[in-house]
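J.: Predicted model and sequence below, questions to follow.
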Amino acid sequence: AGPTPVSALIHAATMVTAGVYLIARTHVLFELSPLALECVGVIGAITLLLAGFTALMQTDIKKILAYSTMSQIGYMFLAEGAGAYQPAVFHLMTHAFFKALLFLSSGSVILAMHHEQDIFRMGNLRKHIPFVFWCMLIGTLALCAFPFTSGFYSKDEILHEAYLAGHYDLWLAGLFGAFLTGVYSFRLIFIVFFGPERWRQAAHHAHGHDDHADDHAHHGLGPKDEPHGAKTLDHHLPLAVLLIFSILGGFIHLPLDTVLPAAEHADHGPAWIVYLPIPVSLAGILVSWLLFVQAPQ
């Protein structure tokens, strides 16, 4: 509801991640009560699934990202419940990069659409704001833990640690959450940046003449093209920096060994466990494509 840059800051780095950091730093107290630690993991699993389903039903572009944040926070609590404190904090950091990128990019979309936030009043915007489209696409791929993005290294480590710790229920919940993430995140991409230009339909209904839809684009009913000149730097520089970190952030090594215990496992499990989340996420993207691109509009 607030200004989008404030949303980006809150969801990426401050308020919503405070609980994850608090439990990580007080892990000694939680480990005194295995039941309390188990509750942390179960609540995290419930949160990531509930928020994922809720994001799937939203039409406001910022609300989709907000519930996405709740889902990713659920992953962090799930990790802590499984004793994987380092992966939880690692995902806290990588999530900050791509979620800030997604929120600021959504702000550019909203600005281009004259403060319209309903995704079903958008469509085919990749032709009007191509740089923002690529920023949203890379940020969404990182959210889905696509290989070689920052989210891949942290999110898959959480699922792997949960499996090795014997928390198979949490692992299955996280795996299904990865599928949901693929569906709801690419639902946003496909509806906003592909498909029919629904803002033209809105202009037609509002003015009764489709012939003047392009004129209406300059009066609040259609997208404005990306800014040029001096404004380009203001709009694109923060996105470009976050875009780089959304790709390379997974290679940043946090010195957590002196603060948080590293999980030790005698067996590293079958090799396919590490790579299973990738096809699961891709399956979610495929389902989203079938539902929102291939299905009749």
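T.: Sure, I can see it.
J.: all contacts plus neighbour counts: C-alpha atoms, from now on.
T.: Noted.
J.: Endpoints of stretch 114-123, how far apart?
T.: Terminal residues of stretch 114-123 lie 14 Å apart, using C-alpha to C-alpha, to the nearest Å.
J.: mean confidence for it?
T.: For stretch 114-123, mean pLDDT is 88.
J.: Would you mind stating the distance between V287 and A240?
T.: The gap separating V287 from A240 is 30 Å, by C-alpha to C-alpha.
J.: which of these two has more neighbours?
T.: Higher neighbour count among V287 and A240: V287, with 20 against 16, using other C-alpha atoms under 10 Å.
J.: thinking the more buried one is in contact with Y184, fair?
T.: No - V287 is beyond contact range of Y184, at 9.8 Å (criterion: C-alpha atoms under 8 Å).
J.: Can you check which residues contact both of those two?
T.: When C-alpha atoms under 8 Å, 6 or more residues apart in numbering defines a contact, no residue borders V287 and Y184 alike.
J.: pLDDT weak spots in the protein?
T.: 13-15, 199-234, 266, 295-297 (pLDDT under 70).
J.: which residue sits closest to G249, ignoring its sequence neighbours?
T.: S150 (4.9 Å; C-alpha to C-alpha, 6 or more residues apart in numbering).
J.: Buried residues, stretch 140-149. List them.
T.: If you call a residue buried by 16 or more other C-alpha atoms under 10 Å, then stretch 140-149 has these buried ones: 140-146, 148-149.
J.: Which pair of those spans the longest distance?
T.: T140 and F148 (12.9 Å; C-alpha to C-alpha).
J.: how far away is the nearest residue to C39 once chain neighbours are set aside from E157?
T.: Once flanking residues are discounted, C39 sits nearest to G81: 7.1 Å by C-alpha to C-alpha, 6+ apart. Separation of G81 from E157 (C-alpha to C-alpha): 14 Å.
J.: show me where the stretch 51-200 of the chain has helices.
T.: Assignment of helices within the stretch 51-200 of the chain using DSSP state H, counting those that start in this stretch yields the ranges 61-81, 85-112, 130-143, 150-164, 168-193, 198-207.
J.: which one of the ones you listed lies closest to P279?
T.: Closest to P279 of the helices of the stretch 51-200 of the chain, according to C-alpha to C-alpha: helix 168-193, at 9.0 Å.
J.: what about G81 and E157, which has more around it?
T.: Set G81 next to E157 and count neighbours by other C-alpha under 10 Å: G81 wins out with 30 against 20.
J.: ok so, going back, overlap in contacts of T140 and F148?
T.: Common neighbours of T140 and F148, using C-alpha under 8 Å, 6+ apart, do not exist here.
J.: can you pull the contacts of L164?
T.: By C-alpha under 8 Å, 6+ apart, the contact set of L164 is 265, 267-269.
J.: now do A55
T.: With contact taken as C-alpha under 8 Å, 6+ apart, A55 is in contact with 63-65, 67-68, 184.
J.: Which of these sits closest to H114?
T.: K63 (17.7 Å).
J.: From L180, how far out is the nearest residue to that closest one once chain neighbours are set aside?
T.: Once flanking residues are discounted, K63 sits nearest to A55: 7.3 Å by C-alpha to C-alpha, 6+ apart. For A55, the distance to L180 equals 9 Å [C-alpha to C-alpha].
J.: Same check on A165?
T.: A165 is 24 Å from L180, by C-alpha to C-alpha.
J.: more neighbours, the two?
T.: Counted by other C-alpha under 10 Å, A165 and L180 do not tie: L180 has more neighbours, with 27 against 18.
J.: need the contact list for the more buried one.
T.: Neighbours of L180 in contact, by C-alpha under 8 Å, 6+ apart: 49, 52-53, 281, 284.
J.: 7 Å - rerun?
T.: Contact analysis of L180 by C-alpha atoms under 7 Å, 6 or more residues apart in numbering lists 52, 284.
J.: just the one 10 residues further on next, same as before
T.: Contact partners of F190, counting by C-alpha under 7 Å, 6+ apart, are 292-293.
J.: hmm, try it at 10 Å
T.: Taking C-alpha atoms under 10 Å, 6 or more residues apart in numbering, we find F190 in contact with 119, 123-125, 288-289, 291-293.
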